[in-house]
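**Student:** dropping the sequence and predicted coords here.
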Amino acid sequence: MIAPGRLAELFTPRSVALIGATDRSMWSRYTHQNLRAFSPEVPVYCVHPRHDVVHGDPVHRSLEAIGAPVDLAYVMVPTTEVVPVLAQAADAGVRNVVVLTAGFGEAGPEGRALEERAVALANERGMILLGPNGNGFINAADQVAPYGLPITPPLHAGPLGIVLQSGGLASVVLHMATSRNIGISRLVATGNEAMVTATDVLAYLVADERTRAVAAFLESIRDPDRFREIATAAVDAGKALVVLKVGRSAAGQQAALAHTGAIVGDDAVVRAALRQLGVVQVDSLEDLLVTSGLLAHHPQRLGRRLAAVTASGGACDIIADRATDEGIVLPEFPEATAAGLAEVLPAFSNPRNPLDVTGYVVVDSTISHRALEVVVDGAPGTYDTIVYQATVPQNPPPDPALVLNRYRAVRATVDRSPVPVLVQSASSSDISPYARSVLDEVGLYVLNGIEHGMTAIGRAVDWHERRAKPRPRSPSPPAGEGWGGGERPRSEAELRTVLQAAGVPVTPSRLATTAEEAVVAATALGLPAALKVASPDIAHKTEAGGVALDLRRPEEVAEAFAAIAASVARAAPAARVDGVLVSPMRTGGVELLVSVRRDPAWGPVLAVGLGGVWVEVLEDAALRLLPVAVEDVEEALGELRGAALLRGARGRAPVSVRRVAEVAVAIAAVAEGLGDALDTLEINPLWAAGERVEVLDALIVWRKEE
């Protein structure tokens, strides 16, 4: 019922009824003004049972009294009257409703019950309901705006679709888009999402032919599985989905007893999921608009090698710093380009990238554009993207034709350039109506300011690269028959058996219940030895005094066994203790963390990072949703701040990242095979030295049964 085609009907009404229209309501007044200002040809009917004239228009006592078809009912009646009004709308044949009224699901149990009644009625009668507690939507592509807050004209149509889980921000975002000359196709505030969710609107915008990129302000993602489908569809369609996700929670940090809980919180999982799905993520409203605006107005692929032409040495410095932040390189100009620039620029200039054409631009206003032409001519094979910094006059000059001709020339250069040319302003400031008229006349889009502009370029380059790269999506390999669905493994010894049966390399170990057994096991396995308590009730063995390392003589093993038993008895007197696991020591190499935690929304999530005792201190981990392929894990390992340790930093022997990734995928397969009851499976540390990779310690946590 809420398919994109059906939503198209909601968002393109040919007639609107304002139910509960009254001069006393600013919402009513603004909605009426917006409809009359932007779509005077769309009939607007004011409906109120007691008024004769509202907003200067005659009033109809009811929907039935209108006597003409109504595409959209915009409902502003008191909360308790909404459901009866919806029934009347259905009787009148209305198929689309916006409910501005608040006091529903956000107000408590009674409000939730009312909201459920409204949705049930809408479903039963074949109506689509947007809201409640939402201001409506703005359809700039078709110039119709049933929206309950003031909109300053013009309504600038363009290729960016916007969905917001915040009605109050819609006017702010619309103003920001207009002031940055970003044209929008649709802007939708979803309110309580009782029926139409942000995910539904995203699906509609991805399918919409007049939308080339989508910006979303999200407080929550209610249906992760459907969101995955839509994000994948967006990537396949070549439409960037740019998201500002707000609301961080520490709840995930309390979900597991393992170290994993300290680094895999709700926000970290969402960010990892979005990146894995090809979503562009930003951290501010400004970046949301500037980044999505760039990707909407410049669909060409941007590359990581950048040339910049500016009229300021300070701007060059900022661009150079921000390029470094974004992983963008600034190649030297080819000799021919440098020579060509020397002919254009004054003798005191320094023709290097990024280029300062100097203050001589005040004397010769053509110098900046002529320098751009030289750089464009040297583009093939040297740089992938060119930034041209320009300032459009905010007010009409004495001879406006000169300004138009100058920017027509810039447009001509942009069109003939073999690589994308991005026109950028020096500062993040509003573009005046006159400046917008110039840009619209010549068909140029200006990237707003260096700071947000460079962020947008970095995000766009990353999106284009990730989209162009084949994304392995093969599922994790089968985990083998190690578990078999019998008793759940609860101790480390039981988990080791499951891991080994699935082909995961595990350091040899034996369970000892006496000091004598520990000495025999250590001697057989080889000294030096490591001892650790075996207990399903002790997650953090070191804190309980349950670990002893580098035991080189039999008597040291016996003494360590006794010390562990005494320490654990003091630290955890109620814990079940199966004995002590004895293993040979592993030295050198790198200690890693590999774990799988089941996120309540996104399902099993793999974490890889630096392990051992430093996991919570360094918090250096990369996350991937399962299932994963080996290539996914290799990429994740490369994202770690400590990735240099794997490559053999400071004289260390390099580690086979491929082998680590293969073992991590096998561990992930075990976790998937253990089913939905698993909370966390943690390997810490996973020891790696060259091609040799082994599990040294394993922990399993099951979800509490409800």
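**Tutor:** Everything's here; your move.

**Student:** and stretch 436-450, end to end?
**Tutor:** Start-to-end span of stretch 436-450 (C-alpha to C-alpha, to the nearest Å) is 19 Å.

**Student:** repeat that for stretch 346-355.
**Tutor:** End-to-end distance (C-alpha to C-alpha), stretch 346-355: 13 Å.

**Student:** rounded mean pLDDT for that stretch, please.
**Tutor:** Across stretch 346-355, pLDDT averages out at 91.

**Student:** and if you look at stretch 53-71?
**Tutor:** Mean predicted lDDT for stretch 53-71 stands at 95.

**Student:** kindly report the domain assignment for this structure.
**Tutor:** Annotated domains of the chain cover 4-295, 298-468, 508-584, 590-702 [automatic domain parsing].

**Student:** okay, those domains in JSON lines with mean neighbour count and distance to residue 492 next?
**Tutor:** Quick note: C-beta positions are derived from backbone N, CA and C, even for glycine. Output for the domains of the chain, formatted as JSON lines (neighbours: other C-beta atoms under 10 Å; distance: least, C-beta to C-beta, whole Å):
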{"stretch": "domain 4-295", "mean neighbour count": "20", "distance to residue 492": "12"}
{"stretch": "domain 298-468", "mean neighbour count": "18", "distance to residue 492": "38"}
{"stretch": "domain 508-584", "mean neighbour count": "18", "distance to residue 492": "6"}
{"stretch": "domain 590-702", "mean neighbour count": "20", "distance to residue 492": "5"}
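
**Student:** beyond the helix or strand bottoming out on mean pLDDT in the chain, next helix or strand please.
**Tutor:** None of the helices or strands of the chain scores lower by mean pLDDT, DSSP states H and E than helix 260-263, at a mean of 43. Note on helix 260-263: by DSSP states H and E, the next helix or strand toward the C-terminus is helix 266-276.

**Student:** okay if I get the domains of the chain as a markdown table plus distance to residue 496?
**Tutor:** A markdown table is the format used below for the domains of the chain (distance: least, C-beta to C-beta, whole Å):
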| stretch | distance to residue 496 |
| --- | --- |
| domain 4-295 | 16 |
| domain 298-468 | 37 |
| domain 508-584 | 7 |
| domain 590-702 | 6 |
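
**Student:** among those, which is nearest residue 489?
**Tutor:** domain 590-702 (5.9 Å; C-beta to C-beta).

**Student:** residues in contact with residue 655?
**Tutor:** Neighbouring residues of residue 655 by C-beta atoms under 8 Å, 6 or more residues apart in numbering: 589-590, 645-648, 688-690.

**Student:** and which of those is nearest residue 447?
**Tutor:** residue 647 (36.0 Å).

**Student:** from memory that closest one sits against residue 660, does it?
**Tutor:** No: assessed by C-beta atoms under 8 Å, residue 647 is found out of contact with residue 660, at 12.0 Å.

**Student:** which stretch among the domains of the chain comes nearest residue 488?
**Tutor:** Once the domains of the chain are compared by C-beta to C-beta, domain 590-702 is nearest, at 6.2 Å.

**Student:** using the three-state scheme, assign residue 17.
**Tutor:** The three-state assignment at residue 17 reads strand, by DSSP: H, G, I helix; E, B strand; the rest coil.

**Student:** how about it, what does it touch?
**Tutor:** So residue 17 contacts 44-47, 60, 63, 66, 70, 72-74, 94 (C-beta under 8 Å, 6+ apart).

**Student:** so what's residue 10 closest to, chain neighbours aside?
**Tutor:** Distance criterion C-beta to C-beta, 6 or more residues apart in numbering; nearest residue to residue 10, sequence neighbours excluded, is residue 96 at 4.4 Å.

**Student:** isn't the one you found up against residue 13?
**Tutor:** Yes: using C-beta under 8 Å, residue 96 is in contact with residue 13, at 6.6 Å.

**Student:** so what sits against both of those two?
**Tutor:** The contact lists of residue 96 and residue 13 share 71-72, where a contact means C-beta under 8 Å, 6+ apart.

**Student:** what segments of the stretch 1-150 of the chain are strands?
**Tutor:** 16-19, 44-47, 53-54, 57-60, 72-75, 96-99, 128-130, 136-139 (DSSP state E, counting those that start in this stretch).

**Student:** output those in a markdown table; the columns should cover distance to residue 414.
**Tutor:** Listed next are the strands of the stretch 1-150 of the chain as a markdown table, based on distance: least, C-beta to C-beta, whole Å:
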| stretch | distance to residue 414 |
| --- | --- |
| strand 16-19 | 41 |
| strand 44-47 | 42 |
| strand 53-54 | 50 |
| strand 57-60 | 47 |
| strand 72-75 | 41 |
| strand 96-99 | 41 |
| strand 128-130 | 39 |
| strand 136-139 | 30 |
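
**Student:** for the stretch 251-400 of the chain, give me the ranges with low pLDDT.
**Tutor:** Residue ranges of the stretch 251-400 of the chain with pLDDT under 70: 251-265.

**Student:** residue 226 contacts residue 199, correct?
**Tutor:** Yes: in this structure, residue 226 is within contact of residue 199 by C-beta under 8 Å, at 5.3 Å.

**Student:** what's the closest residue in space to residue 578 that isn't next to it in sequence in contact with, if anything?
**Tutor:** Among residues not flanking residue 578 along the chain, residue 534 sits closest, at 4.3 Å (C-beta to C-beta, 6+ apart). Residues near residue 534 by C-beta under 8 Å, 6+ apart: 491-493, 511, 577-581.

**Student:** now, these that are in strands?
**Tutor:** 511, 579-581 (DSSP state E).

**Student:** and the spatially closest residue to residue 153 that is not a sequence neighbour, what does it touch?
**Tutor:** Excluding the flanking residues, the one nearest residue 153 by C-beta to C-beta, 6+ apart is residue 37, at 6.1 Å. Neighbouring residues of residue 37 by C-beta under 8 Å, 6+ apart: 145, 151, 153.

**Student:** state the distance from residue 37 to residue 96.
**Tutor:** Residue 37 sits 21 Å away from residue 96 when distances are taken as C-beta to C-beta, to the nearest Å.
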